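Trainee: Sequence first, predicted model second:
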Amino acid sequence: MSEGFRERRDAIRVRMGGAERIERLHARGELTVREHIDGLLDAGSFEEQGTFVVSANPADRDSTPGDGKIGGHGTIDGRPVTVAGDDITVKRGSSSVMGSKRLTKLFAHAGRCGHPIVYFGATGGARIPDTLGSAGFSQVGPGTQLFRRSRGVPMATVIVGDSFGGSSFFAAASDLVVQLRGTCLAVTSPLVVEVATGERPLMEELGGADVHAKVTGQADLAVDTPAEAYAVVRRFLALLPAHQGERAARRLPDAAAGDGAAGDGARGWLA
């Protein structure tokens, strides 16, 4: 690998959608998807795939590093996993043709290799007009591979920011959903709901963490911090085999784990 290639790659990964967008994210107390990935995985284990992907729309190519999605492979406690997420510094992490193709390849690789999948959700929904028409619509979205019984690998989704559209479908396909309090998980935003119904619900009412953990059942756990969410995912994966062809490890019950009731944060899972 040439020095010039390495410098260009590293610059894209550091810059993401722009320093000012990263600063605004941090000012709100939020993290970038790369920071979430680093917080979950073993230190230095992340191998990103598709760094040089950009939008299929020529007008957007200079402003869409990664095309709104970040992903690759790493390890958790030495165990291989595939991890991906929405990059809200690039067009709000919206779904589009190249970003969706990037995710499709990552998920297919996970299925072939028997790697669990972890997804960090925080997206503004689909990118219009990329997704309009039969050509765009057929190339964008979660597809069917994650919803098949033959997927064969466990999947967890962590909602770390307001998530509309794609992240909702990934959550619906997951075996574990952890949602950070203060975020909203819904198929579409309150603004679109208002256009369709004339009523504009509050974000918390539409898809808050406690609404999903206690009422809808869409979230298995509501947590207060990203660190709690990472710990839940690590423990969840430690309890499961990597894929359907592997036997689960046998272990004695952990009395210290507690009930782990949904809606009570990560109590029980983190003991």
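Mentor: Right, received. Where do you want to start?
Trainee: Would you mind naming the residues that bridge with the residue sitting nearest the centre point of the chain?
Mentor: Relative to the mean C-alpha position of the chain, the nearest C-alpha, by CA atoms, centre = their mean, is the one of residue 120, at 2.1 Å. With DSSP bridges as the criterion, residue 120 is bridged to residue 85, residue 158.
Trainee: That one against residue 36, yeah?
Mentor: Yes. Assessed by CB atoms under 8 Å, residue 120 is found in contact with residue 36 at 4.8 Å. C-beta: built from backbone N, CA, C; applies to glycine.
Trainee: can you tell me how far residue 122 sits from residue 232?
Mentor: 17 Å (CB to CB, to the nearest Å).
Trainee: Please apply the same query to residue 95.
Mentor: Going from residue 95 to residue 232 by CB to CB gives 26 Å.
Trainee: For those two, indicate the residue with more neighbours.
Mentor: Using other CB atoms under 10 Å as the criterion, residue 95 and residue 232 rank with residue 95 on top: 27 against 23.
Trainee: Chain neighbours aside, what residue packs nearest to that one?
Mentor: residue 166 (4.4 Å; CB to CB, 6 or more residues apart in numbering).
Trainee: Then residue 233?
Mentor: Once flanking residues are discounted, residue 233 sits nearest to residue 156: 5.1 Å by CB to CB, 6+ apart.
Trainee: helices or strands up against the strand or helix carrying the one you found?
Mentor: Secondary structure from DSSP states H and E places residue 156 in strand 155-159. In terms of contacts (3 or more CB pairs under 8 Å, 6 or more residues apart in numbering; DSSP states H and E), strand 155-159 is packed against strand 117-121, helix 166-173, strand 176-180, helix 226-238.
Trainee: Which strands or helices does the third one pack on?
Mentor: Right, the one you point to is strand 176-180. So strand 176-180, by 3+ CB pairs under 8 Å, 6+ apart, packs with strand 155-159, strand 221-223, helix 226-238.
Trainee: Show me which residues of stretch 225-239 are buried.
Mentor: 226, 228-237 (16 or more other CB atoms under 10 Å).
Trainee: now, which of those sits nearest residue 114?
Mentor: Of all the buried residues of stretch 225-239, residue 237 has the smallest distance to residue 114: 12.5 Å, by CB to CB.
Trainee: Tell me which residues touch the closest one, please.
Mentor: Contact analysis of residue 237 by CB atoms under 8 Å, 6 or more residues apart in numbering lists 76, 79, 81, 116, 154, 156.
Trainee: before we move on, back to that, alpha carbons only: can I get the strand holding residue 156 in CSV?
Mentor: Listed next in CSV are the C-alpha coordinates belonging to strand 155-159 (Å, rounded to 0.1, in the frame of the first residue of the first chain):
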residue,chain,number,x,y,z
MET,A,155,-28.0,-9.6,14.8
ALA,A,156,-28.2,-6.7,17.2
THR,A,157,-29.2,-3.1,16.5
VAL,A,158,-28.3,-0.2,18.7
ILE,A,159,-30.3,3.0,18.2
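Trainee: hmm, who's touching the next helix or strand after that strand?
Mentor: Moving toward the C-terminus from strand 155-159, the next helix or strand (DSSP H and E) is strand 163-164. Contact partners of strand 163-164, identified using CB under 8 Å, 6+ apart, comprise 86, 121-125, 171, 183-189.
Trainee: Using JSON lines, please lay out these together with neighbour count, distance to residue 217 and pLDDT.
Mentor: Formatted as JSON lines, these follow (neighbours: other CB atoms under 10 Å; distance: CB to CB, whole Å; pLDDT from 0 to 100):
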{"residue": "86", "neighbour count": "29", "distance to residue 217": "23", "pLDDT": "95"}
{"residue": "121", "neighbour count": "30", "distance to residue 217": "17", "pLDDT": "96"}
{"residue": "122", "neighbour count": "27", "distance to residue 217": "21", "pLDDT": "94"}
{"residue": "123", "neighbour count": "29", "distance to residue 217": "22", "pLDDT": "89"}
{"residue": "124", "neighbour count": "21", "distance to residue 217": "25", "pLDDT": "84"}
{"residue": "125", "neighbour count": "22", "distance to residue 217": "23", "pLDDT": "79"}
{"residue": "171", "neighbour count": "24", "distance to residue 217": "11", "pLDDT": "94"}
{"residue": "183", "neighbour count": "24", "distance to residue 217": "17", "pLDDT": "96"}
{"residue": "184", "neighbour count": "23", "distance to residue 217": "16", "pLDDT": "95"}
{"residue": "185", "neighbour count": "29", "distance to residue 217": "12", "pLDDT": "95"}
{"residue": "186", "neighbour count": "23", "distance to residue 217": "15", "pLDDT": "92"}
{"residue": "187", "neighbour count": "16", "distance to residue 217": "16", "pLDDT": "88"}
{"residue": "188", "neighbour count": "16", "distance to residue 217": "20", "pLDDT": "85"}
{"residue": "189", "neighbour count": "19", "distance to residue 217": "22", "pLDDT": "85"}
